[in-house]
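Student: A structural model of the following input is requested.
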Amino acid sequence: MASSSSSYCTRWHAMFYITLAVILAAVSISTTLSSDSNSDSDSQTPQSSTAIIHVISLSASRTLRSSGSTITAALLQISPELFLTSPNSTIFAIADSHISNASLPPHLLRDLLKYHTSPVRVSIEDLINQPQGSCLPTLYWNKTVAITKIDRRNRTVQINRVRISHPNLFQEGSVSIHGVPSPFAAVDTEYDVIHGPECDADFGVVSGSGGLKKKKKKTTSRVEWARIVRLLSSKGFVSFAIGLHSVLDGIVEDERNVSSVTIFVPPRLELGGDRHYPQALLEKVVRFHIVPQRLTHKELMALPARTLLKTMVHGDQQPLEVTGVVSFMPELVIDGVRIVAPDTYVSESVVVHGISRAFEVNDLPNTQ
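Tutor: Now for the predicted structure:
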């Protein structure tokens, strides 16, 4: 019986380390290829700074390995640039079991690790002293994580509703590391995005060179974005709802002064052959379908032909053009695309129109 148990343990450990090797190789290669594009700027990094990063990563790796976070420890030692890309860093090390069982492609696993790394150094004491609902920036696009629960009596903190199980695992120099039992967000492999909860609108993003600083109150947007995402999904515009949700942080941050919008929603938001947009292009595509003013179907019909409508794509010289009603089409046409479901949703600040297909965006693959 003991021999059988020992054999099982040996097989389990063998499978784990094979999985670990595959993960490390894939993520390291992915990170190396990504960093090659920035080789010019990397070559200018002072040697002393590189040496410091190397020493810290070795020390942090030893601490993580002794605490059982083998995968994060190995990645930190092999590819420190994945985590230590800013003067200060806080790493939330995910338990090995969740990383090895994630079954994610290398680029999404890399993004997930970046989502669990903040360019701000914070100890558990720093987090406990923050208002509940505060936001912490991450290395993943413009995404932030939220301090969702603080228990000062028991000195515990939850990030995105995940409890920090091993606080202050490593505190040295400009780096802080905490252990967490599971990821802060779900990963959507179909759309190549990470879905995390939004931070409290009453708090700004935490920033600072060495710890948390006092935050300024955000200006709350008058556009009910969260409600729009839910509505679009319930109306069957699932792909656009997912796309909007994945870029919502950037839109809310950039468009605080926008008081009303008109959204033209296509039935699908993919490239040909069911291929999906990379995150960088997805935001431009979504923004191109949003006009920062409220226009009902009746108001659009009243506009002269060739009227240009500015979209939420910043600095873009491709506005939408009101084609009007043409003789061979009974519906109103915007930029060559028919409005097939006018006034799908109308409120004081938002109007949603269903269109027959996605608008074609300059310098992007065909959106049809």
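Student: Now tell me which helix or strand of the protein has the poorest mean pLDDT.
Tutor: Ranking every helix and strand in the chain by mean pLDDT, DSSP states H and E puts helix 39-42 at the bottom, with a mean of 42.
Student: Next one: Ser59 from Ser134, what distance?
Tutor: 29 Å (CB to CB, to the nearest Å). Quick note: C-beta positions are derived from backbone N, CA and C, even for glycine.
Student: Compare neighbour counts for the two and give me the winner.
Tutor: Ser134 (22 against 16; other CB atoms under 10 Å).
Student: what is the rounded mean pLDDT of the helix or strand Phe240 falls within?
Tutor: Secondary structure from DSSP states H and E places Phe240 in helix 238-246. Averaged over helix 238-246, pLDDT sits at 85.
Student: Could I get the buried residue list for it?
Tutor: 239-246 (16 or more other CB atoms under 10 Å).
Student: Repeat that for stretch 223-233.
Tutor: Residues 223, 225, 228-229, 231-233 are the ones in stretch 223-233 that count as buried (16+ other CB under 10 Å).
Student: could I get it in CSV with only the CA atoms?
Tutor: Listed next in CSV are the C-alpha coordinates belonging to stretch 223-233 (Å, rounded to 0.1, in the frame of the first residue of the first chain):
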residue,chain,number,x,y,z
VAL,A,223,-23.0,57.7,-18.7
GLU,A,224,-24.2,54.5,-17.1
TRP,A,225,-21.6,52.3,-18.7
ALA,A,226,-22.1,49.2,-16.5
ARG,A,227,-25.8,49.2,-17.3
ILE,A,228,-25.1,49.6,-21.0
VAL,A,229,-22.8,46.5,-20.9
ARG,A,230,-25.5,44.4,-19.2
LEU,A,231,-28.2,45.7,-21.5
LEU,A,232,-26.2,44.9,-24.7
SER,A,233,-25.6,41.4,-23.5
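Student: Spit out the contact partners of Gln132.
Tutor: Neighbour list for Gln132: 147-150, 200 [criterion: CB atoms under 8 Å, 6 or more residues apart in numbering].
Student: and if you look at Ser69?
Tutor: 93-96, 169, 179.
Student: Max pairwise distance over those: which two?
Tutor: For the contacts of Ser69, with distances taken as CB to CB, the pair at the greatest spread is Asp96 and Leu169 (13.8 Å).
Student: which one of those two has more residues nearby?
Tutor: Leu169 (22 against 18).
Student: Can you give me the pLDDT of that one?
Tutor: Confidence score, pLDDT, at Leu169: 95.
Student: Am I right that it sits in a strand?
Tutor: Yes. Applying DSSP: H, G, I helix; E, B strand; the rest coil, one finds Leu169 inside a strand.
Student: how close does it sit to Asp343?
Tutor: In terms of CB to CB, Leu169 sits 54 Å off from Asp343.
Student: do Ala95 as well
Tutor: Distance, Ala95 to Asp343, by CB to CB: 49 Å.
Student: With neighbour numbers in mind, choose between these two.
Tutor: It is Ala95, of Ala95 and Asp343, that has more neighbours when counted by other CB under 10 Å, with 19 against 14.
Student: so the more buried one touches Val180, yeah?
Tutor: Yes. Counting by CB atoms under 8 Å, Val180 is a contact partner of Ala95 at 7.2 Å.
Student: And the helices in the stretch 151-300 of the chain?
Tutor: With DSSP state H, counting those that start in this stretch as the criterion, the stretch 151-300 of the chain has helices at 225-234, 238-246, 248-254, 279-288, 297-302.
Student: Can I get the ones you listed in CSV including distance to Ser165?
Tutor: Putting the helices of the stretch 151-300 of the chain into CSV (distance: least, CB to CB, whole Å) gives the following:
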stretch, distance to Ser165
helix 225-234, 29
helix 238-246, 28
helix 248-254, 26
helix 279-288, 29
helix 297-302, 53
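Student: Any regions of the stretch 51-200 of the chain where pLDDT drops low?
Tutor: The model of the stretch 51-200 of the chain has pLDDT under 70 over residues 51-54, 101-102, 142, 188-193, 195-200.
Student: did I read that right, Thr63 in a strand?
Tutor: No. Read with three-state DSSP, Thr63 is helix and lies in no strand.
Student: change the start of the numbering to 288 and stick with it
Tutor: Yes, from this point I'll number from 288; that puts the last item at Thr350.
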